[in-house]
Every structure is written in structure tokens, then in C-alpha cells.
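Visitor: How does the following fold in three dimensions:
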Amino acid sequence: MRLREYYALNRGGGLATESFSQWIGAVSAQLFHRLGLSPTAMSALNLFLGLVASVGVLVAARTGDYHGWIGLAALVLWHVAYGVDCGDGQLARATRTGSTAGARIDVLCDIALQIALVAAVSAVAAEYTPDAPAWIYALFAGTWMVNLVTSVMQQGDTGGSMVTSTSLPVRLVKLIRDYAFVITVLGVAIWLVPKWTIWVIVAFTAVNGLFLLASIAFTGRAAQRAWAEKTAARNS
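Guide: Predicted structure coming up:
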């Protein structure tokens with residue numbers, strides 16, 4: 001298969017993901033296919049690369065030996081890892097080897113990788129702003145998973161987006177929910193302005209917290225409407 005054929009099998013994503021990460025995924029899917037490797041091997045590589053980047057940042061920050069180039073290396077590895085993560089689904093669909101177990105291991109690897117990423121970014125922030133209250137990091141870690149959980153919930157027939165428009169202005173606004181964009185912002189922060197990392201953390205915590213509240217309201221309204229419709233149908 002040609003590269004564009006792998007790319008055509010992607011499941012979409014935000015503007016940055018579709019413009020950049022899914023192409024890395026297509027390249028990696030094509031390579032793994034030629035090597036006869038499975039989509040699960042791609043999930044494992046995604047986890048390995050992400051952990052190497054995050055653990056490197058974490059150790060350097062906690063030992064007081066952190067330098068900007070470490071943040072740059074982490075930024076590159078995080079993007080390569082995410083690209084490979086995009087590619088495992090493309091490979092599974094191209095070879096028709098997708099399975100429930102494969103989808104689960106993909107999500108589990110994503111969770112493990114993102115826990116490490118949150119720990120790494122928090123370690124840099126703590127190194128440069130040691131007086132920041134601990135509850136900020138707790139909120140950051142807790143609300144970080146909103147993005148992953150809601151994306152998983154949107155899969156399947158019952159999923160849906162609160163804003164369905166695909167216009168460019170809307171897609172630009174939605175970049176804040178795009179994992180490729182998020183790791184870019186975090187990576188650039190710990191690379192170029194690590195002393196500002198705490199404020200980046202605060203910003204993402206606020207955005208994810210507000211999105212969680214909006215998701216609860218949106219989903220609650222949909223559930224209430226469905227209940228009312230079923231009640232009316234049962235009583236008619």
C-alpha cells in the first residue's frame with residue numbers, strides 16, 4: 001500500500017493531529033507492515049518512546065541537572081511516540097487484524113504514557129517553582145485524563161462532539177483539545193521557558209476543568225432528553 005492509502009485509514013483527530021501526527025502514523029504503519037510486525041508492537045513502541053522521554057525529563061528535573069535540550073529531546077520523542085500511536089490503528093485497519101484486545105492494549109499504553117508525561121512536566125514545574133502548592137499538581141493530573149476519557153467515550157455509535165462544525169475557525173479553537181498541539185505547547189515550555197511551566201499547567205488545568213463541566217452539562221441534557229422521549233413513548 002502507498003503512504004496516502006495508510007493515511008486515508010486514520011480515524012481523524014484535531015487539526016494538528018491530522019496535519020502532522022497521522023502522517024507520522026502512516027509512515028510508521030507502512031514500515032511495520034513491511035517488517036511483518038503487528039499493531040500491538042506499534043503500541044509497545046509508542047509506550048517505550050514516551051516513557052524514555054518522560055523518565056529522562058523527570059530524573060533530570062528531580063536531580064537538579066535539567067537543561068533545555070532535554071526538553072527538546074522529550075518534545076521530539078513525544079511526537080514520534082504519538083505518531084506511532086496514530087499508526088497502529090492504520091495498520092490494524094490496513095491488514096484487517098484489529099481486535100478488542102488490541103484496542104484495549106492501545107488505550108492502556110496511552111494511559112501509562114500520559115501518566116509519565118504528566119509526572120515529567122510537573123517535575124519541571126516543581127523544580128523551577130518549588131513554592132507552588134501541591135494541589136495544583138493534583139488538579140493538573142486529575143483533569144489531564146479528561147481528554148483521554150472523553151475521546152474514548154466519543155468512539156462508537158453513541159459518541160458525539162459538543163461542537164460538530166468542521167470549519168477552520170472551530171478547528172483552530174479545538175486545538176486546545178488536540179493531543180498533538182498539547183504536547184507541542186508543553187514540550188516547547190519545558191524546552192525554552194521551563195520557569196513558566198507552572199503557568200502552562202494552570203492554563204491546561206483550567207481548560208480541562210471547564211471542558212469537564214461542559215461535558216457533564218451537555219451529556220446530562222442529552223440523557224434527560226432521551227429519558228423524556230422514552231417516557232412519552234411509553235405513556236402514549
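
Visitor: who's in contact with Ala119?
Guide: Ser54, Leu58 (C-beta atoms under 8 Å, 6 or more residues apart in numbering). Backbone N, C-alpha and C define where each C-beta goes, glycine included.

Visitor: just for this protein, where's the confidence low?
Guide: 152-166 (pLDDT under 70).

Visitor: mind redoing it with 90?
Guide: Scanning the chain for pLDDT under 90 picks out the ranges 1, 11-13, 98, 145-177, 211-212, 214-216, 218-219, 222, 232-236.

Visitor: Quick check, central residue of it?
Guide: With distances taken as C-alpha atoms, centre = their mean, the residue of the chain nearest its centroid is Tyr179 (3.9 Å).

Visitor: how far away is that residue from Val170?
Guide: 18 Å (C-beta to C-beta, to the nearest Å).

Visitor: now Leu3
Guide: Using C-beta to C-beta, Leu3 is found at 28 Å from Val170.

Visitor: Tell me where the protein has helices.
Guide: Under the criterion DSSP state H, the chain contains helices at 3-7, 15-16, 22-35, 39-62, 68-95, 100-128, 134-153, 168-173, 179-192, 197-235.

Visitor: Show me what counts as buried in the fourth one.
Guide: The reference is to helix 39-62. With burial defined by 16 or more other C-beta atoms under 10 Å, the residues of helix 39-62 counted as buried are 39-40, 42-47, 49-51, 53-54, 56-58, 60-61.

Visitor: swap in the longest one?
Guide: By neighbour count, with 16+ other C-beta under 10 Å as the criterion, the buried positions of helix 197-235 are Thr197, Ile198, Val200, Ile201, Phe204, Thr205, Val207, Asn208, Phe211, Leu212, Ser215.

Visitor: Redo the residues you listed as CSV? Include distance to Val188.
Guide: Below are these laid out as CSV (distance: C-beta to C-beta, whole Å):
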residue, distance to Val188
Thr197, 10
Ile198, 15
Val200, 9
Ile201, 14
Phe204, 13
Thr205, 18
Val207, 17
Asn208, 19
Phe211, 22
Leu212, 25
Ser215, 27
